[in-house]
Structure formats: C-alpha cells, structure tokens
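Novice: sequence first, then the predicted structure:
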Amino acid sequence: MGRVKQLLLLARKPVIRHCLDALLDSGIRDILVVIGPQHEEIVKRLQGLPVRIAVNETPNSEMADSLRIGLRALGLAQTGVLVCLSDHPLVSAMTIRALADAYRDSPDRIIIPVYGGRRGHPALFPIAMISDIFSGMTLRDIVQNNSRSVLTINVDDEGVLLDLDTEEDYRTMQNKVMPHVS
C-alpha cells in the first residue's frame, strides 16, 4: 500500500489497536506483537497496553520470518499460538473467544474460522505443529501437512475474510466501521 498499514485509521483508531482491542476484549492476556523495522510510531501507539513487543529488523521479509521471531520471543512453554494478522483488523472478540473455546476442547487441532464457506484468519495452532515453521515451512505448508488435524469453526464474522492489502480494501473497511449516512 505504500503506507504503514498498522497505523491507518479506522473509526479514528489505528488498525493495530482494533486488532489488539479484540484480543484483549476476548480475554487473551499473553500478547506478543511482532513489528517491522520502522516500528517507532507503532510502539508509541502501543504504549500503556499489556503487550510485549518483538522487532523483525528485516525489511520486506515474509510473514513466516516474523512468526519465527515471535515464537522465539514467546518461548515454547505455550501450548498453543493464535496467529493474528494486523491486516485483518475487523475480527471480533467473539470470534477470538470461539477459537480459544474450540482449542480448549481440541488442543491437538489447528483451529481455523470459516465465514460464508471460506476459511479466514486468525488461526490457532498447537505449539508442536507451529514449531515446524523453524524448518522453513510457511503457515500454509503447516496447515496442508496437518490437514487431518484442522478443525474449522463457522463464525458470523466477515472480519475473518477482510484483508487490508489495497486502498480499495481500506475504503471498504472504513465503510464497514463508519458507514456513510445518506
């Protein structure tokens, strides 16, 4: 997009705050934010929030690289890892709670939300499976290699599909959080 997506405003709040507020509202308490090399302004927007921060210093790196940095910072004491993407800022706290509830019932499964028949984000992974990221795999590879362990849950949350990649996506999201009044 040519801009730092995490700082784009939706309803007068940075995109990253929408993501973090949903996590916090869902009851998630151990939150690690992985940010890129131009992170100073993002860090300012996170002040006062109960989150830890890790920095991926490599410009234009892959998501898997940031995930590896995040997993190293978390340590392997976790049982599961919910991978949330800041370019999916409209995921609701209710959806995150549903993923966590499903994981509590099935801790050996990859939990993926589905809306309108399509898989979305975030996804919750058992630590044993997501650790395969260190062997050079991507999340897509991990899901494919563990397809029998995938549990999809239907959610009433279009936010799991809405991805912030283009200016048009941004306008669509702005209209969803603050629809124009005619």
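Specialist: Ah, there it is.
Novice: elements contacting the worst-scoring helix or strand of the chain on mean pLDDT?
Specialist: When the helices and strands of the chain are compared on mean pLDDT, DSSP states H and E, helix 40-46 comes out lowest with a mean of 90. In this structure, helix 40-46 makes packing contacts with helix 15-26, strand 32-35, judged by 3 or more CB pairs under 8 Å, 6 or more residues apart in numbering; DSSP states H and E. Every C-beta, even on glycine, is put in place using the N, C-alpha and C of the backbone.
Novice: so which of the ones you listed comes closest to residue 157?
Specialist: Nearest to residue 157, of all the helices and strands packed on helix 40-46, is helix 15-26, at 10.0 Å by CB to CB.
Novice: from the middle of its chain, how far away would stretch 120-133 be?
Specialist: Per CA atoms, centre = their mean, to the nearest Å, the displacement of stretch 120-133 from the mean C-alpha position of its chain is 11 Å.
Novice: just the buried residues of it, please?
Specialist: Of the residues in stretch 120-133, those buried under the neighbour-count criterion (16 or more other CB atoms under 10 Å) are 120-127, 129-133.
Novice: on that earlier part again, which among the helices and strands packed on helix 40-46 is found nearest to residue 92?
Specialist: Comparing those against residue 92 with CB to CB, the closest turns out to be helix 15-26 (6.1 Å).
Novice: which residues are contacting the closest one?
Specialist: Contacts made with helix 15-26 from outside it, assessed by CB atoms under 8 Å, 6 or more residues apart in numbering, are listed as 5-10, 13, 31, 33, 42, 45-46, 49-51, 82, 84-97, 100, 164.
Novice: which ones among these map onto strands?
Specialist: Judged by DSSP state E, strands contain the following of the contacts of helix 15-26: 9, 10, 13, 33, 82.
Novice: how many other residues sit next to residue 47?
Specialist: When neighbours are counted by other CB atoms under 10 Å, residue 47 registers 6.
Novice: what does the one 3 residues further on give?
Specialist: The criterion is other CB under 10 Å. On that basis, residue 50 has 10 neighbouring residues.
Novice: contacts only, for it.
Specialist: 24, 29, 31.
Novice: rewinding a little: could I get the helices and strands packed on helix 40-46 as TSV with distance to residue 70 and mean pLDDT?
Specialist: Compiled in TSV, the helices and strands packed on helix 40-46 are given as follows (distance: least, CB to CB, whole Å; pLDDT from 0 to 100):
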stretch	distance to residue 70	mean pLDDT
helix 15-26	14	96
strand 32-35	4	94
